[in-house]
Every structure is written in structure tokens, then in C-alpha cells.
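J.: This is the structure alone, sequence omitted:
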């Protein structure tokens, strides 16, 4: 039986209270965000509120903006963790899971952020290529090199996985910490890192990409792989870049509409939640099975309804969603 979008979203909406705020309750707040992220026909949040108001949902964008600034993100964190758990159950772990980790930077254009000294927000997490789920995410406002978050990165890598990282994480202290924690890794070394004294501590694998004429040096503590296999493992690091591209191009990660730190954090969690929903839902085989196929299929379903807010009337007919 196909796991449809309604079957997946209905239990999520049931977790959110429809009556805890008199104007914009938690369930409606979540539905508005989910509609904005998933509906490709929307170019701005104002477009969505115009659509909601015309269809009888009496809530204005100023109330939504205040909610983004003051509401706690605990509901979103909990839903994010629950969807990751479901994805792990759907795709069992294997002995050689690859887990690329990297960060992406989104520019903050609002002058309200500049006044606080913030010009960018960094999202750092990994993705399990076997199970398809991202890891616990780290959202950091302001400048900060990837190596600064080494302690958090160590906890992101699952026990049976191989962490695959670029030069931003490369330092002998960090590699030593990973080895001490018995975490397997493949990390590209910086050009300035000397390896002649480190061969006894870690394997250093050299390979050359003939297409780009680039030489790579990789440090690893994985023993039961050949040098060719280690180089192939590192090539899979590009999958985290594919994740960022999908989130920015199709789920509006590059369009941070909130002008508060709390609101940006909520939007980032909603983008990741939408990604997990796409991973979990199944669509008729005729439409394809890639994430983009699922997103396109979902656009067909959304085109028959005004928004996910209105779709929820069908999902939860016993509740007047959005009622004050």
C-alpha cells in the first residue's frame, strides 16, 4: 500500500493543538509554513495569505510574523526527529553506511539582521546515503569555520557509518577525536597539512581526478577497503551538495522570508521536514520515484485544493482548522 501524503501528514497535524492560540493556533501555523515550502506556485508568503483570506481563513500576515518571532521551535524539532525515526525504520541500516557531512551558507538580506551583526546563517548536517535521512542539524548565525563545530559533528555520525568530510573539517586534533570515539571517517586533507609523520596513525590515500586535474589526499581509519574504494567513498561526499541544491532550488531554503532569528530557524526546520515528507511518501509508479517526481506529483494534488490548510479539512473533518 502506498504511503500517501495525507496518510503521512494526518498524524503530524494531530500532534499540534488547534485551539492553543486564539488567532493563529499551532496547527494552522504549521500548515501555513508547510504550504509555503511545498507549493511551487507560491512566490511569496503574501501570495499565500491573499489566497487564504479569499478562501475564508481569517488570519493576517502581521500575526504570522509575530508568531515566527515568538513561538518556540520545539514542535518542529519534535516532528523532524519523528520523521527521521520513520525513515530509519523504512530503510534498515547496513554495515557500510556512507554519511557525508558539510555545511551550506544562506545570506541574510534583511537590515534587521545586519543591525544584530548577522549577515549569514550556516546550516550544518549530514545525510545517511543508505537510509536517506539527514542528521540532527546545527543552525549557526554569524561567521564560524566548520572546524569550530567538530564536537557536534562527532555526534552526528551513526555508529555503523563512515563519515565523509571535506577539508573544512581537516585537523589532526579532530581526526584524533574521531579515532578515540571509534568513529570511522574519510576526510580530505588540507594542502598545508604535513603527512610524513602521520602515516603510522592514519592511512593517507592519494588519488587524482583526471577530468579536473585535481589531486586529493584523504586521511582515513577504515582498514578493510582498498585505496580505490576509499577514493570512491569520498566521491559520494558530493551527495550532500545535491541535498543543498534540492533544498534551495525546490523547497525555498534560499528564500528566508522571516526577519527574526527564531523565524529563520523555524523555516529551516520546515524545509527539512518537507524534505523528509518527500522521502517518506510514495506515489504511483507511473509518475516516477525520484524526489523531484514526488514533488511534481504533489503539485498536481495541491492544484486541486487552495492550500494544505484547506486540505486538512478533509484529513481532519472533526476539527475546524483555523477556527478561533
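T.: Ah, there it is. Quantities reported herein were computed from a predicted structural model and do not represent experimental measurements.

J.: First residue to last residue on stretch 116-135, what's the distance there?
T.: Stretch 116-135 has an end-to-end distance of 29 Å (C-alpha to C-alpha, to the nearest Å).

J.: And that stretch, what's buried?
T.: 118, 121-135 (16 or more other C-beta atoms under 10 Å). C-beta here means a position set from N, CA and C on the backbone, and glycine is covered the same way.

J.: for stretch 164-176, same thing?
T.: So, applying 16+ other C-beta under 10 Å, buried residues of stretch 164-176: 164, 165, 166, 167, 168, 169, 170, 171, 172, 174, 175.

J.: What sits closest to residue 241 if chain neighbours are left out?
T.: residue 102 (7.1 Å; C-beta to C-beta, 6 or more residues apart in numbering).

J.: Which residues are in contact with the one you found?
T.: 124, 126, 146, 165, 166, 168, 237, 240, 241, 244 (C-beta atoms under 8 Å, 6 or more residues apart in numbering).

J.: Okay, and residue 152 sits in which element?
T.: Using DSSP states H and E, residue 152 sits within helix 150-156.

J.: now residue 85
T.: helix 74-90.

J.: For that helix, which outside residues touch it?
T.: 12, 15-16, 26, 30, 131-134, 137, 266, 269-270, 272-273, 276-277, 279-280.

J.: Test my guess that residue 251 contacts residue 275.
T.: Yes - with contact defined as C-beta atoms under 8 Å, residue 251 counts as touching residue 275 (6.3 Å).

J.: Those two: who's more crowded?
T.: Neighbour totals were compared for residue 251 and residue 275, and residue 275 leads with 25 against 22 (other C-beta atoms under 10 Å).

J.: circling back: direction included, what does whichever helix or strand comes after the helix holding residue 85 pair against?
T.: Going down the chain from helix 74-90, the next helix or strand is strand 97-107, by DSSP H and E. Paired strands of strand 97-107, with direction, are strand 120-126 (antiparallel), strand 161-165 (parallel) (DSSP bridges).

J.: Residue 292: which of these is closest?
T.: Across those, residue 292 has its closest neighbour in strand 120-126 (20.8 Å, C-beta to C-beta).

J.: So which residue is dead centre in the chain?
T.: By C-alpha atoms, centre = their mean, the chain has its centre lying nearest to residue 272, at 3.6 Å.

J.: helices or strands up against the helix or strand hosting that one?
T.: Secondary structure assigned from DSSP H and E places residue 272 in helix 261-280. The elements that helix 261-280 packs onto, with contact taken as 3 or more C-beta pairs under 8 Å, 6 or more residues apart in numbering; DSSP states H and E, are helix 5-15, helix 26-38, helix 61-70, helix 74-90, strand 120-126, strand 138-141, helix 238-250, helix 291-303.

J.: before we move on, the earlier item: relative to helix 261-280, how tilted is the helix holding residue 85?
T.: 20 degrees (axes from the mean of the first three to the mean of the last three C-alpha atoms, to 10 degrees).

J.: How far off centre is helix 74-90?
T.: 12 Å (C-alpha atoms, centre = their mean, to the nearest Å).

J.: now swap in stretch 243-256 and tell me
T.: Put simply, stretch 243-256 sits 9 Å off its chain's centre (C-alpha atoms, centre = their mean).

J.: Could you do stretch 216-225 as well?
T.: 27 Å.

J.: Same check on stretch 137-149?
T.: 15 Å.

J.: in that stretch, what counts as buried?
T.: 137, 140, 141, 146, 149.

J.: what mean pLDDT does that stretch have?
T.: For stretch 137-149, the mean per-residue pLDDT is 85.

J.: Ok, stretch 10-28 next?
T.: Stretch 10-28 carries an average pLDDT of 90.

J.: With stretch 258-265 instead?
T.: Here the average pLDDT along stretch 258-265 is 94.

J.: still on that earlier bit, could you let me know which of the buried residues of stretch 137-149 ends up closest to residue 231?
T.: residue 146 (21.8 Å).

J.: which residues does that closest one contact?
T.: Residue 146 neighbours (C-beta under 8 Å, 6+ apart): 102, 103, 124, 153, 168, 169.

J.: Alright, I will stop here.
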